[in-house]
Each structure stands twice: as C-alpha cells, then as structure tokens.
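Asks: sequence first, predicted coordinates after that:
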Amino acid sequence: MCGITGYTGRSVALPFIMQGLEKLEYRGYDSAGVTLVDKSDLFTCKVSGRLDNLKAKLDEEAHQQTCGIGHTRWATHGVPSQLNSHPHTNSSGTISLVHNGIIENYLSLKQELLNKGYVFQSETDTEIIVHLLDDVYYHETGDMLQALLKVVNRLKGSFALCIVSKEFPDQIYVAKKESPMILGKNETGTFCASDAPALLAYGDQILPLKDKEVAILSPDDIRVFNFKGEEMKQEWIAAPYNIQAAQKGGYDSFMLKEIHEQPRAIRETLRGRIINDEIEINELNELDLDWKKTERIYFVACGTAYHAGISAAKELEKLTDVPVYAIPASEFRYGDPYLNGRCLCIFISQSGETADTIAAIKLAKQKQASTVGVVNVLGSSLTRLSDVCLYTCAGPEISVASTKAYTTQIVLLSCLIIKIAEKINGYKPDIQLIIDFKELPELVEKVLKHESQVKELSGLFKDKKDAYFIGRQHDYPVALEGSLKLKEVSYVHADAYYAGELKHGPIALIEDGTIVIALATQEKVAAKTISNIQETLARGSKVILITTESIEVDGFEYVIRLKEISRCLMPVQIIVLLQLLAYYVAVIKGCDIDKPRNLAKSVTVE
Ligand code: AGP
C-alpha cells in the first residue's frame, strides 16, 4: 500500500511530489524517497522513517528539476531501511523507478539477472524491475516503451510502476497491474499518483489507469497503451470532491473501506502460498524444531488476533495429537506455561507492537521454545523477535477496529496449521480446501453483497443496549470476534456464549426483544444450536441467524445463508457480516467509527 507521486512539466517537480506523499501518508509507510531528473543528472534521495526525515535531508531550494517521482514504502519484501526504500536505480544510474505491489516471481528473475552479472543493493522484489528494464532497454529494444512492455509481460503479481531516466529527462513511464495508478494534467504539466488525494489540488479531472495499461507522461500530453502495445482511448473522470473522502476511497470511514478491502487483502495474503495446489509455508523449514517430538503448540495474541488464534487452535487440534492451546498474551506471560525446546509458540499481531504479545514471545524464547510470528507490519518488534515471521499482506489497517487483519490472519493461519500438521504427521488437506482458498476472495465479494440486508437488520439495535452472540465448535471463536466488533465500535454490551452453555445460566438474561445473533454453520452441531436458539425464541428474543445454504432451518425471521466451505475458512465469511453489522449499528448510535472511545490501534503498554 505504498504512496507514489510523479510530475513532469514546466513547474518545479519537488513541491508536487512532496505534497502528494503527505496526502498519501494515511496509507501507512516506513520509508520515503524521491528521484529528480534532468538532462545531465538523476538525483535520488531516500531515507527510512517518516517524510520529515526526507525533507530534512533534501535542500528543496537546490532542486529545481521539472521532472521527478516520489515514494513512501509499506514494506512487503525486506525490512524498512534506507537501502530497501524506493526509488531503486540501475547500476549505471540512468534509470530510476518506484513500485507499489508484490512481484511474485522476483526470485527467478533475480537469479536470471545475477547470472547476467547484475549486482543488487537491496532485499526488495522491486529492485529486479529496474535491472530487468536496464537489460531489455540497453541490450534489446533501445526504446523504453517497448522495453517496458516486455518487462511488464514477464512480471507476475501486482505492480504500479513509475519510471524516470536521463535518456528521456522530461518523460515519466508508468505501468499498472492490480495496484492503483491515477494520472492528472493541468496547464503546467502532467501528474501521476497511487491515489486521488495527491492530485486533488492540481486539477478537477483524473485518469485512473485500467489494469494492464502503461502510459507515457510528457509535459504536454499523456499516451496510454495496453500491455500488447495498442494505444488506448483515455476516459477522464471528475476528481473526487475532497481529500478526506478520497483517502477513504469514497467510503464514510476507514473501517468500512477496510471491510471492503478484504477480497484484495486475502488475495495478497494468499499470493505465492498455493503453488500447484500445494500450500507453501517455506519459512517453517528455518525452525530448529524436531516436529515429530513436538510436545505442545500455543497460539498467543490479544483481542481480535487472539480470536483468530482460537480458531486456528480448534482446527489444528483436529489434525494432530499434539496438545494445542490458544491463550491471551496477558495470561500467557504471567501463567508459567509449560515451555521447552520441544514447544512451538505462534504469536499473532496486526501491529507487531502489542506489549503483552511482545512480553509473551520473550518468555517463550527464554524457555527455548520455537517462535513463529504472524504479523501485518513489516519491521515491527514482533517480526524481529520471532524465529520466523509470516506476513498477512492486508496493507495498513487504519481503523482501530480490526477487520481485514482478522480475515487475513484466519487465512494465513489456516495455511500454517496445515503445514504444521503435515510436518508432524504427514497430513494432507483434501482438494476442496485448496479450492476454497482459491475461491475465497470472490466468495467474500459475494458476502459483501449482503450489506444492505445487514444495514436493515442493524435497525433492530436502535433502542438496544445488549446483544448475545452464540455458536458451537468453530462458530464460537467467531461469535467472540463478532461480539468484540459490536462492543468496540457501537458500545452495545455484547457477550458471546457457547450455544450449549445458554441453559446453564446466560439464558436468564433473555427477555422479550433481546437480540441474539446465532451462528449455526457447522453441519455436525447445527441442529443442537438451532434448538438452543429456539429456547431463546420461546422467551421473546429477536434472532439473527447466520447459517449455510444446506442447513435446514425454519421459523426464523432473519436468516442469512452462506456458501458451505471448509470449516477453517468459514469464519472469514461469517465475520464480514458481523463487521458490517457492528459498523451499521455504530452509525445508528452516532459513534466515532474509526476512533472508538478509550481504544488505541496498538496497545503498546500493559
Ligand atoms: C480489535 O478490533 C482491536 N483493535 C484489538 O483487540 C486488537 O486486535 C488487539 O489490541 C491486538 O492488536 P495487535 O493485533 O496489533 O496485536
């Protein structure tokens, strides 16, 4: 989710580049850089850390170049550092580029370039692109457009590219596949950026590049081509009316934007994880653990991440005989857990900075346990403390309420536990699970189409202060997460119970009009859950039932049916509905959706 800006024209380039990067800061980043170009020179300045560090290093008055590009990096390959930051330059210093996305086949391309004698400065996937461009431009085509077309047709994965060169000092070449790239123009020149907010002060029309298009920006015109080299018609549209709205992609809040980003986030998380219908978690090979002698496996986290850990533990305990536990980090760190060199501890964290989780991993390491991090923010503390680290490529999660981080945790943890079971006892998943992984992004798109129905159901909460979530087996951790979402954004008191536990006390809370959100998606126990729900109906509850297309139910007023998929992935579908429910109830209650009272995005203190 990097920020990209570029300008070429009759004005000085740097002011646009820097203001644009500032407008894109909300996307989250860990390093920044610019390249400015003119006939005689390609000047690059890049730093790790904030934009202010870049400004401090740049003497803006000294740089009057009228063509240049800028970048803020959200690390996906290679930790945040000056060397790994963009722009990346070819060895002769004549071509410089910035990239947003993930190049899936970068290792094979890197090997090809190493064999040709190319020398790499960074650990990034991006750097292979500038050397590949150098190779094709100088040794094959001698024409940058043809070189770029050859290169983009070899790249697998997602990319938005911005390229400048001393060879054509007043032009910028851009390319787009899956990652956003938007163009602009006015009387001074032409512009590009990874998101509209950077362009809004520079014109009232924008040109979002379509997928698999490249463009050449010159001071007075823009030309667009498809990846076959055919020139394309340009469809300019009115720019969004304000920056705040544009940063939220037109959504009313970051939470709603991030709920809708989940299909893309899941796609990015799975990128490179399923090769020829086999799940790939090669990071596990780096662990010094005798898998056959593993004595205990722990999932340790806080809040939403802990709920994802419970789901993972529930599935893993069905795949191996090794004792499996999901424990809140705040309990683990003080609970004197059984730990030794034959234990595996998996720490889950969106921010990678949660104090309890950091303390818990330090305890595990002291006791010689093997540690795996499942983290969203590269370069965060947890990534450095873990023996190996897997990344949920959800992109920056701005809203305090965790949404896309949770669903990408469930997806990545589902891959992880399958590989753990395979290492312990040779477990092999059935092909249906692999199919379900592949179809999950589109399935989540379908679930999002229930949004208006969920918005209508949120009306039931208008005068309500309480709600109860119930479920059995794999549905229970999702009930926990759904109740947390509702609590933290709408301040409705919500509890989650095992459905079978209702009659042992909690059912005393049910009275006329009490809202019960019931999850019954596990075929084996659905009938039992349905009968528990009917006990609440008999006492006047209003039930919202989430079930699957195949489970027989009748007599319920509000039912949402989901496609039946592998049980370890069902939480992803269910939670999207519960995230939307929490969101719309919070809207009705007039709450501050993205910054709920008393909460912080990352709890870096005990
Ligand atoms: C979830 O919506 C909350 N924001 C909170 O429970 C969060 O999941 C918890 O604080 C853990 O944060 P982490 O994933 O960054 O470690």
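Replies: Yep, that arrived. Residues are numbered from 1 along each chain as shown.

Asks: quick one, phi/psi of whichever residue of the stretch 51-200 of the chain sits closest to the ligand?
Replies: In the stretch 51-200 of the chain, the residue that lies nearest the ligand is residue 74 (15.6 Å; CB to the nearest ligand atom). The way it works is simple: take the backbone N, C-alpha and C, and place the C-beta from them, glycine included. Dihedral angles of residue 74 (phi, psi; degrees, to the nearest 10) stand at phi -110, psi 100.

Asks: neighbours around it, how many?
Replies: 19 (other CB atoms under 10 Å).

Asks: make sure residue 148 is actually in contact with residue 175.
Replies: Yes - at 6.1 Å, residue 148 counts as touching residue 175 under the criterion of CB atoms under 8 Å.

Asks: overlap in contacts of those two?
Replies: Shared contacts of residue 148 and residue 175, defined by CB atoms under 8 Å, 6 or more residues apart in numbering, comprise 161, 163, 214.

Asks: kindly indicate which of the residues you listed lies nearest residue 387.
Replies: Nearest to residue 387, judged by CB to CB, of those is residue 161 at 34.4 Å.

Asks: residues contacting the closest one?
Replies: Taking CB under 8 Å, 6+ apart as the criterion, residue 161 is in contact with 97, 98, 99, 129, 148, 152, 173, 174, 175, 176.

Asks: can you check residue 164 too?
Replies: By CB under 8 Å, 6+ apart, the contact list for residue 164 reads 6, 35, 37, 42, 67-69, 95-97, 171-173.

Asks: which of these lies closest to residue 528?
Replies: When the contacts of residue 164 are compared for distance to residue 528 (CB to CB), residue 97 comes out closest, at 58.3 Å.

Asks: beta partners of the nearest residue to that closest one once chain neighbours are set aside?
Replies: Excluding the flanking residues, the one nearest residue 97 by CB to CB, 6 or more residues apart in numbering is residue 163, at 4.4 Å. Beta-bridge partners recorded for residue 163 (DSSP bridges): residue 97, residue 173.

Asks: quick check: residue 163 touching residue 192?
Replies: No - Residue 163 is beyond contact range of residue 192, at 10.5 Å (criterion: CB under 8 Å).

Asks: which parts of the stretch 401-550 of the chain are helices?
Replies: Counting by DSSP state H, counting those that start in this stretch, the stretch 401-550 of the chain has helices at residues 404-425, 431-448, 451-457, 475-490, 523-537.

Asks: would you format these as CSV with distance to residue 54 and mean neighbour count included?
Replies: Listed next are the helices of the stretch 401-550 of the chain as CSV, based on distance: least, CB to CB, whole Å; neighbours: other CB atoms under 10 Å:
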stretch, distance to residue 54, mean neighbour count
helix 404-425, 28, 25
helix 431-448, 35, 17
helix 451-457, 40, 16
helix 475-490, 35, 26
helix 523-537, 55, 18
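
Asks: reformat those as TSV; add distance to the ligand and mean pLDDT.
Replies: Formatted as TSV, the helices of the stretch 401-550 of the chain follow (distance: least, CB to the nearest ligand atom, whole Å; pLDDT from 0 to 100):
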stretch	distance to the ligand	mean pLDDT
helix 404-425	6	98
helix 431-448	18	97
helix 451-457	18	97
helix 475-490	6	98
helix 523-537	25	91
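
Asks: pretty sure residue 13 contacts residue 60?
Replies: No - Residue 13 is beyond contact range of residue 60, at 10.7 Å (criterion: CB under 8 Å).

Asks: okay, those two: which has more neighbours?
Replies: The residue with more neighbours, out of residue 13 and residue 60, is residue 13; 29 against 11, by other CB under 10 Å.

Asks: and the closest residue to the more buried one other than its chain neighbours, what does it touch?
Replies: Spatial nearest neighbour of residue 13, excluding adjacent residues (CB to CB, 6+ apart): residue 68 at 3.9 Å. Counting by CB under 8 Å, 6+ apart, residue 68 makes contact with 6, 7, 8, 13, 14, 17, 34, 35, 36, 37, 164.

Asks: and if we set it to 10 Å?
Replies: Listed by CB atoms under 10 Å, 6 or more residues apart in numbering, the contact partners of residue 68 are 5-8, 12-14, 16-17, 34-38, 42-44, 87, 96, 162, 164, 172.

Asks: show me what it is bridged to.
Replies: With DSSP bridges as the criterion, residue 68 is bridged to residue 7, residue 36.

Asks: residue 132 and residue 272, how far apart?
Replies: Residue 132 sits 19 Å away from residue 272, going by CB to CB, to the nearest Å.

Asks: how about residue 38?
Replies: Residue 38 is 39 Å from residue 272, by CB to CB.

Asks: likewise for residue 504?
Replies: Distance, residue 504 to residue 272, using CB to CB: 46 Å.
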